[in-house]
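**Q** Output the structure for:
(one chain, ligands or ions: 4)
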Amino acid sequence: MKGLPIWVILLNFAKLFITGDCTSTQDQVLSILVRTEEHAIIARNISSKYETVLWSPASPEHIGAGTEVHLYVPANNLRNVTNQLLTHKLRYDVILDNAQDLVEMQTRNVPTDPRISVSYYERYHSLEDIYFWINKTAVDHPDMVKVILIGSSYEKNPLYVVKLSGRQDGAQKTAMWIDCGIHAREWISPAFCLWFVQYSLTFYNQNSEITSMLDQMDIYVLPVMNPDGYKYTWTTNRMWRKNRSQSKNSYCIGTDLNRNFDANWCSKLDIISIPLH
Ligand SMILES: *[C@@H]1O[C@H](CO)[C@@H](O)[C@H](O)[C@H]1NC(C)=O
Ligand SMILES: *[C@@H]1O[C@H](CO)[C@@H](O)[C@H](O)[C@H]1NC(C)=O
Ligand SMILES: *[C@@H]1O[C@H](CO)[C@@H](O)[C@H](O)[C@H]1NC(C)=O
Ligand SMILES: *[C@@H]1O[C@H](CO)[C@@H](O)[C@H](O)[C@H]1NC(C)=O
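**A** Numbering: from 1, shown residues only. Ligands and ions are numbered 1, 2, ... in the order given. Here you go, the predicted model:
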């Protein structure tokens, strides 16, 4: 066992030699100062390439002169991106030099972590944990919760809907639909669905608004709409957004689920030109 730390150090050295660049072994977030319209064109271009993820502003068309752009760049493309920025004289700062640290913090479950003291509903959970939670919630609240299997995903993960109903059955109940987790990497979304279900169950018969809401309508909650992608963000790539389907017509994996409604959704973005996102 004594030899272990030395091995770790040697392995890290090996990593440095292979890449020849210590900064590029970590995913980073860059802050890019866009001063002119020409800069904006370059920044929009870069933000739709190199597997980058635009953290701010919300979408590339909001990048203009005067915008501060926050861009997540995977380690393997850091060189390319910073080269592009330098070539076009765009100033940037590294605002997060090891994004992986943050990713690990989100999933860590060790007793020394201060986050361990927060409740189940203030932490993120794997797909398996969420399936377990769905089952347990139904078992614990048989009078108000029904689990409905509505189908399965491309990779055959089940799609469970949690149906919430008050104990007072109104004559003509209406219904509400809530789905979470359409984009795999947006973990806060399934976390919200779990929170919402628990909150509703806890405050039914305590809070008059929640009581009358559940007595007058059934609420159908799909906690994870994109289980394949969600699972993939836990196992392989935290930044994955789409599902994991394969298509004959493209070498790219996955369909971005919300780009497949027959509507514009306020977006002018030409998604066809960004095949990998
Ligand atoms: C985007 O950048 C690439 C080079 O990385 C270049 O070939 C391409 O023409 C650029 N597109 C636009 C719209 O500037
Ligand atoms: C990034 O740079 C490397 C060489 O530094 C090159 O081989 C690779 O094709 C580049 N990737 C892109 C997407 O331009
Ligand atoms: C919950 O799990 C148990 C055993 O694993 C199973 O018998 C039961 O049908 C499940 N309930 C629901 C609502 O999925
Ligand atoms: C994933 O994408 C394919 C289309 O490529 C679609 O048929 C499938 O229903 C999608 N959704 C899920 C949840 O797997």
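
**Q** Flag the shaky bits of the stretch 101-250 of the chain, pLDDT-wise.
**A** 109-117, 170 (pLDDT under 70).

**Q** ok, and does stretch 181-190 reach over to ligand 4?
**A** No: figure legend: stretch 181-190 not in contact with ligand 4 (C-beta under 6 Å from any ligand atom); closest approach 9.1 Å. Using the backbone N, CA and C atoms, a C-beta is placed for each residue, glycine as well.

**Q** can you pull the buried residues of that stretch?
**A** Within stretch 181-190, the residues that count as buried by 16 or more other C-beta atoms under 10 Å are 181-187, 189-190.

**Q** Stretch 169-180 too?
**A** Those would be 178-180, for stretch 169-180 by 16+ other C-beta under 10 Å.

**Q** Spell out which residues of the stretch 51-200 of the chain are next to ligand 3.
**A** So far as C-beta under 6 Å from any ligand atom goes, the stretch 51-200 of the chain lies against ligand 3 at 135, 138-139, 147.

**Q** From the residues you listed, list the buried ones, please.
**A** Ala138.

**Q** Next, give phi and psi for the closest residue to Tyr121 other than its chain neighbours.
**A** Distances taken as C-beta to C-beta, 6 or more residues apart in numbering place Trp195 nearest to Tyr121, at 4.9 Å, with adjacent residues excluded. Backbone geometry at Trp195, expressed as degrees, to the nearest 10, gives phi -60, psi -50.

**Q** Can you name the residue of the stretch 151-277 of the chain nearest ligand 3?
**A** The stretch 151-277 of the chain approaches ligand 3 most closely through Tyr160 (7.6 Å), counting by C-beta to the nearest ligand atom.

**Q** secondary structure class for that residue?
**A** For Tyr160, the assignment made with DSSP: H, G, I helix; E, B strand; the rest coil gives strand.

**Q** tally of neighbours for it?
**A** 21 (other C-beta atoms under 10 Å).

**Q** wait, isn't it in contact with Pro223?
**A** Yes: with contact defined as C-beta atoms under 8 Å, Tyr160 reaches Pro223; the gap is 7.4 Å.

**Q** can you list residues touching both of the two?
**A** Residues within reach of Tyr160 and of Pro223 at once, by C-beta atoms under 8 Å, 6 or more residues apart in numbering, are Ile134.

**Q** Spatially nearest residue to Gly151, not counting backbone neighbours?
**A** Here the residue nearest Gly151, using C-beta to C-beta, 6+ apart, is Leu159, at 5.1 Å.

**Q** can you tell me which residues contact the residue of the chain found nearest ligand 2?
**A** Relative to ligand 2, the nearest point of the chain is Asn80 (3.7 Å; C-beta to the nearest ligand atom). Residues near Asn80 by C-beta under 8 Å, 6+ apart: Tyr50.
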